[in-house]
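J.: take a look and give me a structure for this.
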Amino acid sequence: HASEKSSLSQADAQLDSLTSNATSVLSALRTQSASLKGVQRKLLDFTHTLGLSDTVMRIIESRQFWDKVILYGGMLLTIWLLWFVFVHLRRPVDEAEAL
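T.: Now for the predicted structure:
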């Protein structure tokens, strides 16, 4: 009974540590996101100062959109492929297919 209590206490401490780490990582990501948004604003101001046209800016933003589409499409395709392979490798071989 005492070992179970000790084990539960250790698990609770580890979960608290994990939660604390996750919170600090999330906080760091939010800070980085805010910094990157500021950098993006400054970069846009700088490019406008250099005289890049609005059409060039739209092309860049459109490219970013399609890059995201390709990235997420590739992720979904990879997940589907892994699922497909997993399902078909686990399926038992029938007697007729073995011949």
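J.: how about the helices in the chain?
T.: Under the criterion DSSP state H, the chain contains helices at 2-50, 54-90, 95-98.
J.: need those in CSV (columns: mean neighbour count and mean pLDDT).
T.: Quick note: C-beta positions are derived from backbone N, CA and C, even for glycine. Output for those, formatted as CSV (neighbours: other Cβ atoms under 10 Å; pLDDT from 0 to 100):
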stretch, mean neighbour count, mean pLDDT
helix 2-50, 10, 88
helix 54-90, 10, 88
helix 95-98, 6, 56
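J.: measure Cys3 to Asp67 for me?
T.: Let me fix one detail, which is that residue 3 is Ser and not Cys. 53 Å (Cβ to Cβ, to the nearest Å).
J.: cool, and Thr19?
T.: From Thr19 over to Asp67 (counting by Cβ to Cβ), the distance is 34 Å.
J.: and Gly51, by the same measure?
T.: 25 Å.
J.: before we move on, what about Ala2?
T.: Remark: distance between Ala2 and Asp67 (Cβ to Cβ) = 57 Å.
J.: try Ala28
T.: Computed with Cβ to Cβ, the distance linking Ala28 and Asp67 is 24 Å.
J.: cool, and Ser6?
T.: As judged by Cβ to Cβ, Ser6 and Asp67 stand 51 Å apart.
J.: could you do Ser24 as well?
T.: Relative to Asp67, and taking Cβ to Cβ, Ser24 is found at 30 Å.
J.: ok, Leu89 next?
T.: 33 Å.
J.: same check, this time on Arg41
T.: Counting by Cβ to Cβ, the gap from Arg41 to Asp67 is 20 Å.
J.: again, but for Thr47
T.: On the measure of Cβ to Cβ, Thr47 and Asp67 end up 19 Å apart.
J.: do Arg91 as well
T.: Counting by Cβ to Cβ, the separation of Arg91 from Asp67 is 37 Å.
J.: what's the answer for Ile79, then?
T.: 19 Å.
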